[in-house]
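J.: Fold the following and give me the result.
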Amino acid sequence: MSNPKIISFKIYQDEFYFLGIENLITENSDYGAFWGNFFDKGGYDKIDPYQKDPNCINVWYNKTPNEKIYYQGKIVNEVSEVPNSYTLTKFPASEYLVTTTEWLSSYDESMQHINHSYYKNAQMPEGYTKCDLIDNKIFLIERWGADTGDGFRYEFWVPIRKA
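T.: Numbering: from 1, shown residues only. As a prediction, the model looks like this:
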């Protein structure tokens, strides 16, 4: 499938705990180095015993007004002990506009369709607007939809609120 259908839908995500490795974003950020560090520290193996959602997630958020963070990890249940070099964060409940492709048949095909223009050009649901950073620290969640039985896809979650 060379041009999959792009779809958007609104969801509600309860508050959640996220376990992963935080990276401070600068104008010179090296995302390859972020990923190298993530796997050098133990990657998903350190998170998997606590996972609530098996899908790999990246959370983009403002830790403080001057600190933008790229946070690699997974949504987790209770964590008895935070692994060394990892951070556990509780994020608030929010509504999101999810923009993605229809389900694709392979991992490789889904990786070819990681396109930020999908969510940047998405139509807001009627009566909704994007959250500003005062309302919600998160400005983007990227979630890889693993082989769910329906297939594979890469999702972009943008926090929204009623206008």
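
J.: use CA for all of it now, contacts and neighbours both
T.: OK.

J.: which residues touch the residue nearest to residue 67 when sequence neighbours are not counted?
T.: In space, and not counting its chain neighbours, residue 67 is closest to residue 24: 6.6 Å by C-alpha to C-alpha, 6 or more residues apart in numbering. When contacts are counted by C-alpha atoms under 8 Å, 6 or more residues apart in numbering, residue 24 touches 67-70.

J.: and which of these is nearest to residue 130?
T.: Nearest to residue 130 among the contacts of residue 24 is residue 68, at 17.7 Å by C-alpha to C-alpha.

J.: Pull out the buried residues from the particular helix or strand that has that closest one in it.
T.: Using DSSP states H and E, residue 68 falls within strand 67-76. Residues 68-76 are the ones in strand 67-76 that count as buried (16 or more other C-alpha atoms under 10 Å).

J.: wait, which of those is closest to residue 140?
T.: The closest of the buried residues of strand 67-76, once distances to residue 140 are taken by C-alpha to C-alpha, is residue 70, at 9.6 Å.

J.: can you pull the pLDDT of the closest one?
T.: Predicted confidence (pLDDT) for residue 70: 97.

J.: Tabulate the CA atom coordinates of the biggest helix by length in the chain in PDB.
T.: If you go by DSSP state H, the chain has its longest helix at helix 31-40. Extracted in PDB, the C-alpha atoms of helix 31-40 (Å, rounded to 0.1, in the frame of the first residue of the first chain):
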ATOM      1  CA  TYR A  31      17.900  12.100  18.300                       C
ATOM      2  CA  GLY A  32      20.200   9.200  17.200                       C
ATOM      3  CA  ALA A  33      22.200   9.900  20.400                       C
ATOM      4  CA  PHE A  34      19.000   9.900  22.400                       C
ATOM      5  CA  TRP A  35      18.100   6.500  21.100                       C
ATOM      6  CA  GLY A  36      21.700   5.200  21.500                       C
ATOM      7  CA  ASN A  37      21.600   6.300  25.200                       C
ATOM      8  CA  PHE A  38      18.200   4.800  25.700                       C
ATOM      9  CA  PHE A  39      19.300   1.400  24.600                       C
ATOM     10  CA  ASP A  40      22.700   1.700  26.400                       C
END
